[in-house]
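J.: sequence unknown, structure follows:
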């Protein structure tokens, strides 16, 4: 039996680095410290206020979280390292939220970072069974292997099955990719900033039998961070003007449908998303119609099509109709992946879910600049007696899916100052700048700090 929830959890600080092509330019501790410093400055707290930290990454040795965070202080807090494939960042947020909700801590850090190798993902260990070996076995049994990277084949096969089963087309999937690349032009943190037409997406280099390069996310280096706290903490620190409530979260792993259905759609993790979405919406007491902005896991454009269906944004089998109506972009029912999504903003695995959180928190604050959905500006929906909601969907094969629903709390006071923009000296939601030594000095521990660790970051 789950313990009784004792308090609500709020995000009061977010920070992110630019997501960029892996080229060994910056190591993971520097990425982590930049994202954490921005989040702490945004929240107006120091590392001494952090009672626990959950550090997410996929590629790295054990205790990389400690290696990165010791640069901000050696305060002896629990630092727990998280690895849940592509859903790692949201898994760290899930743990931070639980720690606050159940009264274990009042202020917790969720941090995600990744330093990746160039090129497609590959298996690191060749002396033990791979986590996706059963998926590989079923694909082989279904005669679904073709050319191209393994992950791209999984999602490309799922997209093709969706087209064959429901009447969608690869033009619909290309429209999704073109939409996301066009959105990314306004994102200063994105790896790519070049708008693409549907024709350009379709004519790009083939990666698999079905997917072109413009339909596939790149590997990326990057980091993102969120500070999660209780209502008592945020009120004590006068953060009512920027706190965003985590209304609900659901985390699921695979159901028997993964293998029993013998379906390429199911091999792409669709049922994890269905179950997580239903649980998250039920907990929040809302429906997809109440949501305005969505950041979802479009590792491949075909997965975005399938995810519309699995999240319940459309009737089963009707995802392509949503695309054709333009209900996935500005002026439509939802703005999906205003950031450019994984396709264009990049996909540093451990940071991805917290990057989604960064964008959605700033949408609900009304700070998102050129990416802003005008409906989410504080005061707009309130005129109609409504509340602005945002949804994040983060998927990892193997498998794990996290769906998070966020909203502005009823005590939100947008006019109150100062806020995070004053503390950073600019609007970090709409402008990407590096952090300085002076920035780190403002947030690092004043009680337990090693000068040697700082000098040897």
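T.: Yep, that arrived. Everything quoted here is computed from the prediction, not taken from an experiment.

J.: dump the residue contacts of residue 156.
T.: Contact analysis of residue 156 by CB atoms under 8 Å, 6 or more residues apart in numbering lists 148, 208, 209, 210, 211, 300, 302. In this view, the C-beta of every residue, glycine as well, is placed from N, C-alpha and C.

J.: can you check residue 166 too?
T.: 317, 318, 319, 320.

J.: which of the residues you listed count as buried?
T.: For these, a burial check counting by 16 or more other CB atoms under 10 Å picks out 318, 319, 320.

J.: Please, which helix or strand holds residue 271?
T.: For residue 271, the host element (DSSP states H and E) is helix 270-284.

J.: Walking through the stretch 151-300 of the chain, point out its strands one by one.
T.: For the stretch 151-300 of the chain, the strands defined by DSSP state E, counting those that start in this stretch cover 222-229, 244-252, 293-295.

J.: want to throw those strands into TSV with distance to residue 8?
T.: What follows is the strands of the stretch 151-300 of the chain, written out as TSV (distance: least, CB to CB, whole Å):
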stretch	distance to residue 8
strand 222-229	10
strand 244-252	6
strand 293-295	21
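
J.: Now do the SS call for the nearest residue to residue 433 once chain neighbours are set aside.
T.: Leaving out its chain neighbours, the residue that sits closest to residue 433 by CB to CB, 6 or more residues apart in numbering is residue 426, at 6.5 Å. The three-state label given to residue 426 by DSSP: H, G, I helix; E, B strand; the rest coil is coil.

J.: Tell me who's in contact with residue 283.
T.: 247, 248, 249, 250, 405.

J.: rerun at 10 Å
T.: 247, 248, 249, 250, 403, 405 (CB atoms under 10 Å, 6 or more residues apart in numbering).

J.: Can you tell me which of these is closest to residue 371?
T.: The closest of these to residue 371 turns out to be residue 405 (CB to CB; 19.5 Å).

J.: Beta-bridge partners for that closest one, please?
T.: Beta-bridge pairing for residue 405 (DSSP bridges): residue 248, residue 391.

J.: Number the residues from 147 up from this point.
T.: Got it, the first residue is 147 from now on, which makes the last one we talked about residue 551.

J.: What degree of burial does it show, as a neighbour count?
T.: The local packing of residue 551 (other CB atoms under 10 Å) involves 24 other residues.

J.: hmm, back to that, closest one to residue 286 out of the buried ones among the contacts of residue 312, please.
T.: residue 465 (27.7 Å).

J.: Next, the closest residue to the closest one other than its chain neighbours: secondary structure please.
T.: Once flanking residues are discounted, residue 465 sits nearest to residue 454: 4.0 Å by CB to CB, 6+ apart. At residue 454, secondary structure determined by three-state DSSP is helix.

J.: and the gap between the residue nearest the centre of the chain and residue 568?
T.: Nearest residue to the geometric centre of the chain (CA atoms, centre = their mean): residue 499, 2.3 Å. As judged by CB to CB, to the nearest Å, residue 499 and residue 568 stand 28 Å apart.

J.: Could you measure from the residue nearest to residue 465 over to residue 333?
T.: Separation of residue 454 from residue 333 (CB to CB): 21 Å.

J.: And residue 158, by the same measure?
T.: Look at residue 158 and residue 333: by CB to CB, they are 23 Å apart.

J.: Equivalent analysis for residue 223, please.
T.: 33 Å.

J.: What are the buried residues along whichever strand or helix holds the residue nearest to the centre of the chain?
T.: Assigned by DSSP H and E, residue 499 falls within helix 495-511. Neighbour-count burial for helix 495-511 flags 495-511 (criterion: 16+ other CB under 10 Å).

J.: what is the mean pLDDT for that helix?
T.: In this model, helix 495-511 has a mean pLDDT of 98.

J.: can you state the direction angle for that helix and strand 390-398?
T.: 140 degrees (axes from the mean of the first three to the mean of the last three CA atoms, to 10 degrees).

J.: Report the angle between helix 495-511 and strand 368-375.
T.: Using the same axes, to 10 degrees, helix 495-511 lies at 60 degrees relative to strand 368-375.

J.: Pull the distance from helix 495-511 to the chain's centre.
T.: 5 Å (CA atoms, centre = their mean, to the nearest Å).

J.: Stretch 531-545 too?
T.: 9 Å.

J.: mean confidence for it?
T.: 96.

J.: Name the residues of it that come out as buried.
T.: Within stretch 531-545, the residues scored as buried using 16+ other CB under 10 Å are 533-545.

J.: again, but for stretch 214-225
T.: Neighbour-count burial for stretch 214-225 [16+ other CB under 10 Å]: 214, 215, 216, 217, 218, 219, 220, 221, 223, 225.

J.: just stretch 465-481 next, same as before
T.: Buried residues in stretch 465-481 (16+ other CB under 10 Å): 465, 466, 467, 468, 469, 473, 474, 475, 479, 480, 481.

J.: Quick check: the two most widely separated of those?
T.: 466 and 481 (18.6 Å).

J.: Where does the prediction get shaky in the stretch 397-546 of the chain?
T.: Applying pLDDT under 70 to the stretch 397-546 of the chain flags no residue at all.
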